[in-house]
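>>> My questions are about this predicted structure, shown below with the sequence.
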Amino acid sequence: MDKRHFLKLSGGLVAGSIFSSLGSTEEPRKNWAGNYQFHALRLHTPNTVSEVQQIVKSSIKLKALGARHSFNSIADSPADQISLHNFTRMSVDPKARTVTVGAGVTYGRLAPYLDGQGFAVHNLASLPHVSVAGACATATHGSGSRNGNLSTAVAAMELVTADGELVTLTREQGAPVHLGGLGVVTNVTLHVVPSFQMRQVVYENLPFDRLEHHLDEIFLSGYSVSLFTDWQNHQATQVWIKSRVEPGAFTPQPEFFGAKLAKVKLHPLAGHSAENCTEQLGIPGPWYERMPHFRMDFTPSSGDELQSEFFVPRDQAYQAILAVERLREHVTPHLLISELRTIDADRLWMSPCYQRPSLAIHFTWKPEWPAVKALLPLIEEQLAPFETRPHWAKLFTLTPARLQARYERLPAFKELLTHYDPTGKFRNEFLASNLYG
């Protein structure tokens with residue numbers, strides 16, 4: 001079907017004049033990494049909820065576009081996209097200990113505002129430009145080793161459903177990890193905690209052998225712990241330990257399970273400037289200036305990289321690490337860095353951590369898609385015995401049959417999708433293939 005014929009069928013020739021006042025555009029758009037160009041014909045940028053409702057009701061196919069940090073087609077549409085980057089209001093309810101944020105709010109904007117009100121969120125995205133609504137929709141896990149993923153902070157979310165109705169869904173209704181399939185989220189309400197201070201230290205060269213019997217000790221030594229590796233030399237090249245400043249918290253020693261305490265500030269990638277990394281060397285500071293890897297006032301304009309991430313049960317984490325390590329000669333030539341983190345179990349139906357404490361094995365790849373695409377099935381096959389679940393917004397090649405078998409609440413989630421979107425208005429190729437294929 002050619003573009004003109006599609007426009008006629010979708011009513012686009014008529015709707016274009018309606019939406020022009022709402023800021024629609026037909027310019028080509030790419031994601032943050034530049035590896036994916038969206039196919040949507042129009043992008044709408046409303047300023048009010050009523051405008052969102054108008055756009056939703058008038059569209060045949062529509063997907064919400066967040067901060068464009070997805071690496072696959074999860075936010076794409078054959079017709080229309082809608083961006084709520086103008087929805088930036090934030091409001092704290094001190095009594096309820098919640099904050100309600102517009103769908104356009106990023107963690108970089110939320111964190112200092114929330115700290116100024118005397119509160120914090122339990123977990124943060126590693127990069128400041130990631131939107132709260134988008135991160136929660138895809139179960140992005142953030143930087144906390146002792147904590148659930150970012151979606152577990154969701155108390156409720158307000159969204160416009162396929163018929164243009166404005167509804168509020170709570171966490172208990174299975175909605176936080178919705179993959180953009182339930183509607184267009186206009187705001188999200190998060191649980192908050194009192195503000196706190198943190199410190200961060202880095203160790204170098206932790207032998208992987210120490211993980212066999214001390215994995216939990218290592219990953220639970222701080223509030224958030226990350227191991228970085230290039231999969232060479234059977235070691236983590238760096239260990240980042242972020243701790244709350246409180247009695248009984250982690251006390252830095254010169255050595256940590258065979259790793260040596262760093263004396264200078266480091267970037268996860270050897271040889272790169274650590275200028276934009278959060279403060280290290282044990283210097284105390286506000287939670288939002290230590291919990292992420294990169295400073296909240298640093299927003300990279302683009303990411304010349306690709307990303308994949310796979311979640312395995314934490315009680316099989318060491319075996320899964322060894323399984324990936326067997327591919328090191330294939331992986332390392334195309335890798336920038338890998339990061340290992342643990343995440344608590346949750347009860348969110350479509351979360352990769354649903355009912356199981358997990359280890360996330362993250363790959364930041366060089367922008368070499370043909371090579372990465374050939375590598376992913378090898379990695380997924382090595383991790384198959386651990387019933388791995390991929391990050392929804394990153395690159396994977398797992399077959400729909402395998403993917404669906406690993407989400408026992410998928411039937412209930414499909415019922416929820418059918419209830420709020422009976423005609424499949426928000427069902428794009430990504431959802432159709434991975435949830436229904």
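Everything's here; your move. Numbering: from 1, shown residues only.
>>> Assumed L417 was part of a strand.
No. Counting by DSSP: H, G, I helix; E, B strand; the rest coil, L417 falls outside a strand, being helix.
>>> check contacts around it.
G181, L182, R427, L435 (C-beta atoms under 8 Å, 6 or more residues apart in numbering). Glycine gets a C-beta too; all of them are placed from N, C-alpha and C.
>>> cool, S195 as well?
S195 touches L114, D115, G118, F119, A120, P286, W287, counting by C-beta under 8 Å, 6+ apart.
>>> what do you get if the cut-off is 10 Å, keeping everything else the same?
L114, D115, G116, Q117, G118, F119, A120, P286, W287, Y288 (C-beta atoms under 10 Å, 6 or more residues apart in numbering).
>>> Now tabulate the residues you listed in JSON lines and tack on neighbour count and secondary structure.
Formatted as JSON lines, these follow (neighbours: other C-beta atoms under 10 Å; DSSP: H, G, I helix; E, B strand; the rest coil):
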{"residue": "L114", "neighbour count": "23", "secondary structure": "helix"}
{"residue": "D115", "neighbour count": "18", "secondary structure": "helix"}
{"residue": "G116", "neighbour count": "10", "secondary structure": "helix"}
{"residue": "Q117", "neighbour count": "14", "secondary structure": "coil"}
{"residue": "G118", "neighbour count": "11", "secondary structure": "coil"}
{"residue": "F119", "neighbour count": "21", "secondary structure": "strand"}
{"residue": "A120", "neighbour count": "21", "secondary structure": "strand"}
{"residue": "P286", "neighbour count": "16", "secondary structure": "strand"}
{"residue": "W287", "neighbour count": "25", "secondary structure": "helix"}
{"residue": "Y288", "neighbour count": "24", "secondary structure": "helix"}
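>>> which among those residues gets closest to L159?
Using C-beta to C-beta, L114 comes nearest to L159 of those, at 22.2 Å.
>>> Look up how far W287 lies from that closest one.
9 Å (C-beta to C-beta, to the nearest Å).
>>> Please identify every residue contacting each of those two.
A120, V121, V193, S195.
>>> pretty sure the third one contacts F119?
Which is V193. Yes. Using C-beta atoms under 10 Å, V193 is in contact with F119, at 6.7 Å.
>>> Name the residues contacting each of the two.
Shared contacts of V193 and F119 (C-beta under 10 Å, 6+ apart): R97, W287.
>>> Can you show me the helices along the stretch 151-300 of the chain?
Counting by DSSP state H, counting those that start in this stretch, the stretch 151-300 of the chain has these helices, from start to end: 209-219.
>>> Low-confidence bits of it, can you list those?
Within the stretch 151-300 of the chain, the ranges that satisfy pLDDT under 70 run 299-300.
>>> Between the shared contacts of L114 and W287, which sits nearest S77?
Proximity of the shared contacts of L114 and W287 to S77 was ranked by C-beta to C-beta; the top entry is V121 with 29.8 Å.
>>> quick one: the closest one and T152, what's the gap?
10 Å.
>>> what's near enough to touch the closest residue to S126 other than its chain neighbours?
For S126, ignoring the flanking residues on the chain, the nearest one in space by C-beta to C-beta, 6 or more residues apart in numbering is H293 at 4.7 Å. Applying C-beta under 10 Å, 6+ apart to H293 gives the contacts 124-127, 143, 200, 224, 226, 228, 240, 242, 267-268, 276-278, 339.
>>> ditto for L322
F208, L211, E212, H234, Q382.
>>> mind listing what the residue nearest to the spatial centre of the chain touches?
A centroid search over the chain (C-alpha atoms, centre = their mean) returns T140, at 2.8 Å, as the residue closest to the centre. Neighbouring residues of T140 by C-beta under 10 Å, 6+ apart: 69-70, 107, 123, 125-127, 130, 132, 134, 149-151, 177, 309, 352, 391-394.
>>> can you redo the contacts of S195 as CSV with distance to K414?
Output for those, formatted as CSV (distance: C-beta to C-beta, whole Å):
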residue, distance to K414
L114, 35
D115, 39
G116, 42
Q117, 39
G118, 41
F119, 36
A120, 35
P286, 42
W287, 38
Y288, 37
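>>> Now flag whichever of the residues you listed is closest to Y318.
W287 (30.0 Å).
>>> That closest one reaches F196, doesn't it?
Yes. Using C-beta under 10 Å, W287 makes contact with F196 at a distance of 5.2 Å.
>>> Kindly export the helix or strand encompassing S308 (C-alpha atoms) in CSV.
Using DSSP states H and E, S308 maps to strand 306-313. Taking Å, rounded to 0.1, in the frame of the first residue of the first chain, the C-alpha atoms of strand 306-313 are listed here in CSV:
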residue,chain,number,x,y,z
LEU,A,306,23.4,0.1,20.9
GLN,A,307,22.1,-1.7,24.1
SER,A,308,20.8,-5.1,25.0
GLU,A,309,19.9,-6.4,28.5
PHE,A,310,18.9,-9.8,29.8
PHE,A,311,17.5,-10.7,33.2
VAL,A,312,18.2,-14.1,34.9
PRO,A,313,17.3,-15.4,38.3
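>>> Next, the buried residues of the longest helix anywhere in the chain.
In terms of residue count, the longest helix belonging to the chain (DSSP state H) is helix 369-383. Going by neighbour count (16 or more other C-beta atoms under 10 Å), the buried part of helix 369-383 is V372, L375, L376, I379, E380, Q382, L383.
>>> swap in stretch 90-101?
Result for stretch 90-101 [16+ other C-beta under 10 Å]: buried residues M90, V92, T98, V99, T100, V101.
>>> which pair in the residues you listed spans the largest distance?
M90 and T98 (11.3 Å).
>>> With adjacent residues omitted, what lies nearest to G66?
G134 (2.8 Å).
>>> and the strand or helix carrying the one you found, how far out from the chain's middle?
Of the helices and strands defined by DSSP H and E, G134 is found in helix 132-137. In terms of C-alpha atoms, centre = their mean, to the nearest Å, the centre of helix 132-137 is found 7 Å from the chain centre.
>>> cool, and stretch 120-138?
With C-alpha atoms, centre = their mean, you get 7 Å for stretch 120-138.
>>> quick one: terminal-to-terminal distance for that stretch?
21 Å (C-alpha to C-alpha, to the nearest Å).
>>> Kindly report the same for stretch 424-437.
Terminal-residue distance, stretch 424-437 (C-alpha to C-alpha): 14 Å.
>>> Now it: average pLDDT?
For stretch 424-437, the mean pLDDT works out to 97.
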